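>>> please find the sequence and the predicted model below.
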Amino acid sequence: MRIDILTVVPKLLESPFADSIIQRAQDSGVVEICVHDIRNWSKDKHKKVDDEPFGGIAGMVMTIQPILDAINELRQQRTYSEIIYLTPDGEQLKQARVNQLSIGGNIIMICGHYKGIDERLRQHIVTLEISIGDYVLSGGELAAAVLTDAIVRILPGAIGDEQSALTDSFQDDLLAPPIYTRPANYNGWEVPEILRSGDHAAIEKWMEQQAYARTKSRRPDLLDKDS
Ligand code: 6GU
């Protein structure tokens, strides 16, 4: 899979992909993540990528030309299944959408800045709009990093332990159960006896019960939906 991210602040996206699972996924060829500076496509002599909104509204809007030229150049090189615009008024990101994107094809992400991008790009070019929650960030970059991380970590081969991604919170609309490691007793804080029993069937059942109880108390909304 290839993910191309269009931004006016590429520096913001250097470190999120430069370590750990996401770096390893790139090294092993599971994914190619390319961050592009939208200014490189600007035909303006000062490399401008924004302009004043029509209607006498305050703030600046990202113009069509550099973004569309960047997308068209990328599209000449390969096909893309989604052109995603990261925006607070987009669809709120959930694991189901992440799963779907991870088995789809290549993705372009557009990071908005200032007041956002010209509406006509959203109408004619963007295929999916994503928000990562009901709060406002200063740009779409951190949201693009969140979305990319969530997609890449579940790509086949990204996590060494293939079981691991499937047991995440939210994969089955349940939160993850509590988890412990050595020592079994830390200054009187005990690990639950059952986890040390060696009875794998009983442990499995306990973990399911814990996951359910935790979901019921913390996120009851997850239990009474079928989306
Ligand atoms: Cl995708 N962008 C911005 N600027 N703010 C957000 C967001 C996106 N998702 C939540 N807040």
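Looks like it arrived, so ask away. Residues are numbered from 1 along each chain as shown.
>>> show me what the longest helix seen in the chain is packed up against.
When the chain is parsed with DSSP state H, its longest helix is helix 200-218. Judged by 3 or more C-beta pairs under 8 Å, 6 or more residues apart in numbering; DSSP states H and E, the packing partners of helix 200-218 are helix 220-223. C-beta: built from backbone N, CA, C; applies to glycine.
>>> what pLDDT does the model give the residue most central in space within the chain?
Nearest residue to the geometric centre of the chain (C-alpha atoms, centre = their mean): Leu147, 1.0 Å. At Leu147, the model reports a pLDDT of 98.
>>> part of a helix, is it?
Yes - checked against DSSP: H, G, I helix; E, B strand; the rest coil, Leu147 lies within a helix.
>>> near the ligand, which residues of this protein?
Residues of the chain lying near the ligand by C-beta under 6 Å from any ligand atom: 86-88, 130-133, 135-137, 139-140, 143.
>>> so which of those is the closest to Gln209?
Gly133 (29.4 Å; C-beta to C-beta).
>>> mind checking the SS state of the closest one?
Assignment for Gly133 (three-state DSSP): coil.
>>> what's the closest non-adjacent residue to it?
In space, Gly133 comes closest to Gln92 once its chain neighbours are excluded; the distance is 6.7 Å by C-beta to C-beta, 6 or more residues apart in numbering.
>>> Ala176 now?
Distances taken as C-beta to C-beta, 6+ apart place Ser169 nearest to Ala176, at 4.2 Å, with adjacent residues excluded.
>>> try Gln95
Phe170 (4.0 Å).
>>> lowest-pLDDT helix or strand in this protein?
helix 162-166 (a mean of 67; mean pLDDT, DSSP states H and E).
>>> what's downstream of that helix, the next helix or strand?
Tracing the chain past helix 162-166, the next element assigned as helix or strand by DSSP states H and E is strand 185-186.
>>> output the contacting helices and strands for that next one.
Based on contacts counted as 3+ C-beta pairs under 8 Å, 6+ apart, there is no element that strand 185-186 packs against.
>>> and Asp226, what pLDDT?
Reported pLDDT for Asp226: 60.
>>> what does Arg75 give?
Looking at Arg75, the pLDDT reads 98.
>>> chain center to whichever strand or helix holds it, what's the gap?
According to DSSP H and E, Arg75 maps onto helix 64-77. Mean-position distance between helix 64-77 and its chain equals 22 Å (C-alpha atoms, centre = their mean, to the nearest Å).
>>> can I see the domain layout of the protein?
2-152, 167-224 (automatic domain parsing).
>>> mind putting the ones you listed into JSON lines with distance to Ala158?
Output for the domains of the chain, formatted as JSON lines (distance: least, C-beta to C-beta, whole Å):
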{"stretch": "domain 2-152", "distance to Ala158": "4"}
{"stretch": "domain 167-224", "distance to Ala158": "13"}
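>>> most neighbours per residue, which of those?
When you average the neighbours per residue for each of the domains of the chain (mean count of other C-beta atoms under 10 Å), domain 2-152 leads with a mean of 17.
>>> before we move on, back to that, keeping just the C-alphas, turn the helix holding Arg75 into CSV.
Output of helix 64-77 as CSV, limited to C-alpha atoms (Å, rounded to 0.1, in the frame of the first residue of the first chain):
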residue,chain,number,x,y,z
ILE,A,64,-7.4,24.5,-5.8
GLN,A,65,-4.4,24.7,-8.1
PRO,A,66,-1.5,23.3,-6.1
ILE,A,67,-3.5,20.6,-4.5
LEU,A,68,-5.2,19.5,-7.7
ASP,A,69,-1.9,19.5,-9.6
ALA,A,70,-0.3,17.4,-6.9
ILE,A,71,-3.1,14.9,-7.0
ASN,A,72,-3.1,14.7,-10.8
GLU,A,73,0.6,14.1,-10.8
LEU,A,74,0.3,11.3,-8.3
ARG,A,75,-2.7,9.8,-10.1
GLN,A,76,-0.6,9.5,-13.3
GLN,A,77,1.8,7.3,-11.4
